[in-house]
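*Asks:* A predicted structure for the sequence below; I have some questions about it.
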Amino acid sequence: MSLFGDFLLKKVTDGFKDEQRLKIEMTNRKDFPKCLNFNRERRMPIAQVSGEDGFLIFPSQQSYESFEYSKKKLFEMKMRSDGIGITLLQIINCNPASSKTSCDKIKTKDVLYFKIFKFILRTADEPPPYAVTKTVSSKNGLILYKVPLYEIYRDVTTKTSNYRFVGIIPTEPNSLAIANRDSCRDLDTRVNNLNLRWKVSYSSVATNDHYKLTLLTDYKLNLLDKDVVRIAKNRMLIDRSRQNGYRFVAAHYTRKFRASVFKHVSQKAHLIIGERCTDQKSFGLKKIPELTEKLACQSLLIHYIEYMNRKSQDTHRRARRRHNLMGMNSADPASPLSIMNNF
């Protein structure tokens, strides 16, 4: 086989392995919460759109491709009653100082960092969804609204970073909090009273950007546990060597299939999530399960944190290169900098 043939075979093989690694398990277990007995998988692209702040997440791959094919801006997009081709959520950074630094090692106290907006499609005969809305587009008897959904506040102590979601519209208070230790990238959360963790494996070769949302056993400590709950869990008499947790993966966040070239709209990451739903053909804004929407909000936050950390690392690398270059020039007697210093 030629070298080109070997290359193609490897690409196909690697692609198959990636698909298997990111596959969501379909389950029907009585010992699992009902919302985690999945009967379908949803792929939600996280994208950057020219002229729009932050990042957007689409309800499905089909919806993203429909928007990409149209080559329209958000307010120009063609609207369909099923909501295909329309973004679901948008996250923006509302702390300009944070855009120049990474999201760790900076002690803060209850600082507003991000806002998440939701896009809602209604007919012209229906009332607006909430009092605080913005009309994005109105066509063919359909109106697309942009609604502020969450404000995300960051609180950093000496050991942990906490991200608190505050609902702008009526919602369960602090239901989407995320926390992590400074020494670890894993993120603990509780959604729908489930003990969950966004887990990322360490790699010494390159920064791993694949997070798995794993279901933890009830006794497993969570950074969001209150002190009384943490004490009770530590006192539980459990043979922990025989109970390794569920090891069940409910969702994946990955940048594996990101676009390498920026266009009008570019895929930057994916949320791959399991769902329990009755409508297997729902790919637009309609009939999105509540759990899917909540985890989509969390995946947008993860994406922005990773994005800011990469920007910070790039800035540090460029600064080191400049410093090393200046050091080399000053050490070389023939360099222009050394000649100037000698006068």
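*Replies:* Thanks, I have the structure now. Residues are numbered from 1 along each chain as shown.
*Asks:* could you point out where the stretch 51-200 of the chain is predicted with low confidence?
*Replies:* For the stretch 51-200 of the chain, applying pLDDT under 70 flags the ranges 74-75, 96-108, 170-174.
*Asks:* residue boundaries of the helices in the protein?
*Replies:* 3-21, 61-70, 227-235, 290-331, 336-342 (DSSP state H).
*Asks:* Could you tell me the model confidence score at the closest residue to Lys287 other than its chain neighbours?
*Replies:* With CB to CB, 6 or more residues apart in numbering as the criterion, Lys287 has its nearest non-adjacent residue at 5.1 Å, and that residue is Asp279. Every residue, glycine included, has its C-beta placed from N, CA and C. Note on Asp279: pLDDT of 75.
*Asks:* Next: the one 10 residues further on.
*Replies:* According to the prediction, Pro289 has pLDDT 90.
*Asks:* Likewise for Lys11?
*Replies:* 42.
*Asks:* just Ser241 next, same as before
*Replies:* 55.
*Asks:* now the one 10 residues further on
*Replies:* Per-residue confidence at Ala251 stands at 95 (pLDDT).
*Asks:* which residues does it contact?
*Replies:* Ala251 makes contacts with 24, 212-213, 271-274, 295, 299, as judged by CB atoms under 8 Å, 6 or more residues apart in numbering.
*Asks:* so what pLDDT did the most centrally placed residue in the chain get?
*Replies:* Centroid-nearest residue in the chain: Ser299, 2.2 Å away (criterion: CA atoms, centre = their mean). Looking at Ser299, its pLDDT reads 97.
*Asks:* now Asp218
*Replies:* 79.
*Asks:* Quick check: can you name the pairing partners of the longest strand along the chain and their directions?
*Replies:* Criterion DSSP state E: the longest strand present in the chain is strand 142-156. Pairing partners of strand 142-156, with direction, according to DSSP bridges: strand 111-123 (antiparallel), strand 134-139 (antiparallel), strand 160-167 (antiparallel).
*Asks:* Switch the ones you listed over to a markdown table; also include mean neighbour count and distance to Phe262.
*Replies:* As requested, the strands paired with strand 142-156 are arranged in a markdown table below (neighbours: other CB atoms under 10 Å; distance: least, CB to CB, whole Å):
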| stretch | mean neighbour count | distance to Phe262 |
| --- | --- | --- |
| strand 111-123 | 19 | 22 |
| strand 134-139 | 15 | 23 |
| strand 160-167 | 19 | 27 |
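*Asks:* could I get those strands as CSV with distance to Ser266?
*Replies:* Formatted as CSV, the strands paired with strand 142-156 follow (distance: least, CB to CB, whole Å):
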stretch, distance to Ser266
strand 111-123, 19
strand 134-139, 21
strand 160-167, 25
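*Asks:* is it true that Asp218 touches Asn195?
*Replies:* Yes. Counting by CB atoms under 8 Å, Asp218 touches Asn195, with 6.1 Å between them.
*Asks:* Settle it for me: which of the two has more neighbours?
*Replies:* Set Asp218 next to Asn195 and count neighbours by other CB atoms under 10 Å: Asn195 wins out with 21 against 10.
*Asks:* Could you check what's spatially nearest to that one, not counting adjacent residues?
*Replies:* Leu216 (4.3 Å).
*Asks:* how much space is there between that neighbour and Lys287?
*Replies:* Distance, Leu216 to Lys287, by CB to CB, to the nearest Å: 29 Å.
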